[in-house]
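Undergrad: fold the following for me, if possible:
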Amino acid sequence: MKVLSIFLILALTVLIIGASGCQKAQEVVTQKDNTVSCPELTPASPDVQQACAARGGQMTSKTDANGCQTTPQCVIPNQIIIKSFEFTPSELTVTKGARVFWKNEDSVEHTVTFDSNQFYMINYKIQPGIEVSDYFNIAGTYTYHCSIHHSMIGKLIVK
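TA: Numbering: from 1, shown residues only. This is a model prediction of the structure:
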């Protein structure tokens, strides 16, 4: 019985000391959380960089809310992203002869359908993950929409 009592006292002592030690460790972690330690970024492979450059793109990274650099991504000029049932940007201005890209980042098919009575009578069906492009050589303002999801509209201005 005496051995059991001593064992229980030792066990309680260890728990109390351990708990207070954990509390201090948590305080230190909390204090460290006030300063941001950014993760190390892995640069894009040379193949990715070459493919990006071949399409006229540039590898760029942004700064997130914590002040950390984000993973570099290829930014293509004149690219319209289709995501969350929107064309982004919804209006794009390009110079005559520019190549414009539409990339579908949604999980469903969309179209890029130029409105009637316009020079460009284009109707692309774009599956998820696919990108299409075309050159625009005639100045003007061209509106387009998704013929599947009619609330999706965009405007291309060629100067």
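Undergrad: spatially nearest residue to the residue sitting nearest the centre point of the chain (excluding sequence neighbours)?
TA: The centroid of the chain falls nearest to Gln73 when counting by Cα atoms, centre = their mean (8.6 Å). Closest residue to Gln73 in three dimensions, ignoring its sequence neighbours and counting by Cβ to Cβ, 6 or more residues apart in numbering: Thr60, at 6.7 Å. For every residue, glycine as well, the C-beta is placed using N, CA and C.
Undergrad: wait, the one you found touches Ile76, no?
TA: No - between Thr60 and Ile76 there is no contact, the gap being 10.8 Å when judged by Cβ atoms under 8 Å.
Undergrad: out of those two, which sits in the busier spot?
TA: A direct count of neighbours by other Cβ atoms under 10 Å for Thr60 and Ile76 places Ile76 higher, at 19 against 11.
Undergrad: count residues in the vicinity of the spatially closest residue to the more buried one that is not a sequence neighbour, would you?
TA: What sits nearest to Ile76 in space, not counting adjacent residues and going by Cβ to Cβ, 6+ apart, is Gly57, at 4.3 Å. By other Cβ under 10 Å, the residues close to Gly57 number 17.
Undergrad: distance of Gly57 from Arg99?
TA: Computed as Cβ to Cβ, to the nearest Å, the Gly57 to Arg99 distance reads 12 Å.
Undergrad: where does pLDDT dip in the protein?
TA: Within the chain, the set of residues satisfying pLDDT under 70 comprises 1-36, 117-121.
Undergrad: can you list the domain ranges for it.
TA: Residue ranges for the domains of the chain, per automatic domain parsing: 1-35, 38-72, 77-158.
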